[in-house]
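need the 3D shape of this:
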Amino acid sequence: MVCSCLLFSNCKPVVSHDGRPPYFDLKAYFTAEAQRLGKQQRLILKTVNYNNQPEEKDVAIKNWQRELALFTESDINKPSWRDSYKKTANNDSIVYRAVDTNLNTRYISIHLKAKQVSGIRIVNFTKNLLYQTKENLSYYPDSLYKIEKHQSVKILGANNYEITGKFK
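Just a heads-up that it's a prediction; the model follows:
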């Protein structure tokens, strides 16, 4: 019984003494944004640039949860990462830097205006024997989102892509 309690206690999300996650909750924020944007059904000028071959068109995003998935997946509120990020904050920004260079999400910067999110920047980095990937993610509510990904695979070479969505 004790073993099962210990086993399942690690499955709970990390929360502080006041019931909130210890770090800014990216998952909750982008889930709420996806729902809000889904209701608005705004047109987006979407540019996809793959290895310097751009394509641009106006689109209505049907699944914002999927469109913002890389942002949501960058959430750092996992039990094993509780003390893995250094936080620096002031009145208009919160910055998290990974203490452990083995973590995928290396940097998160949240900019605030009147205590509301005005911008989020995220840097993810993965390196192993087969490939290396760097992602730069930027999100500015009701203005723009950008996903830049640079991947180098040992046998296949390098690929770069950039997705930019401008709200109309």
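
can we go C-alpha only for contacts and neighbour counts from here?
Fine.

stretch 21-32: how far from the chain's middle?
Stretch 21-32 sits 10 Å away from the centroid of its parent chain (C-alpha atoms, centre = their mean, to the nearest Å).

now that stretch: average pLDDT?
The average of the pLDDT scores along stretch 21-32 is 94.

what about it, how long is it end to end?
16 Å (C-alpha to C-alpha, to the nearest Å).

mind listing what's buried along it?
21-24, 26-27, 30-31 (16 or more other C-alpha atoms under 10 Å).

same list, the residues you listed, but as JSON lines with secondary structure please.
Shown next, in JSON lines, are these (DSSP: H, G, I helix; E, B strand; the rest coil):
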{"residue": "21", "secondary structure": "coil"}
{"residue": "22", "secondary structure": "coil"}
{"residue": "23", "secondary structure": "coil"}
{"residue": "24", "secondary structure": "coil"}
{"residue": "26", "secondary structure": "helix"}
{"residue": "27", "secondary structure": "helix"}
{"residue": "30", "secondary structure": "helix"}
{"residue": "31", "secondary structure": "helix"}
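
give me phi/psi at the most centrally placed residue in the chain?
Against the mean C-alpha coordinate of the chain, by C-alpha atoms, centre = their mean, the closest residue is residue 71 at 2.4 Å. Main-chain dihedrals, residue 71, degrees, to the nearest 10: phi -70, psi -50.

could the buried residues of stretch 21-32 go into CSV alongside distance to residue 60?
Formatted as CSV, these follow (distance: C-alpha to C-alpha, whole Å):
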residue, distance to residue 60
21, 33
22, 35
23, 32
24, 29
26, 24
27, 23
30, 18
31, 18
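
ok, so of these, who is nearest residue 165?
Closest approach to residue 165 among these (C-alpha to C-alpha): residue 30, at 15.3 Å.

so the closest one makes contact with residue 74?
No. The pair residue 30 / residue 74 is not scored as a contact, 10.3 Å apart, by C-alpha atoms under 8 Å.

if we can go back for a sec, what sits against the residue nearest to the centre of the chain?
Residues in contact with residue 71 (C-alpha atoms under 8 Å, 6 or more residues apart in numbering) are 26-27, 30, 122, 137.

I am finished for the moment; much appreciated.
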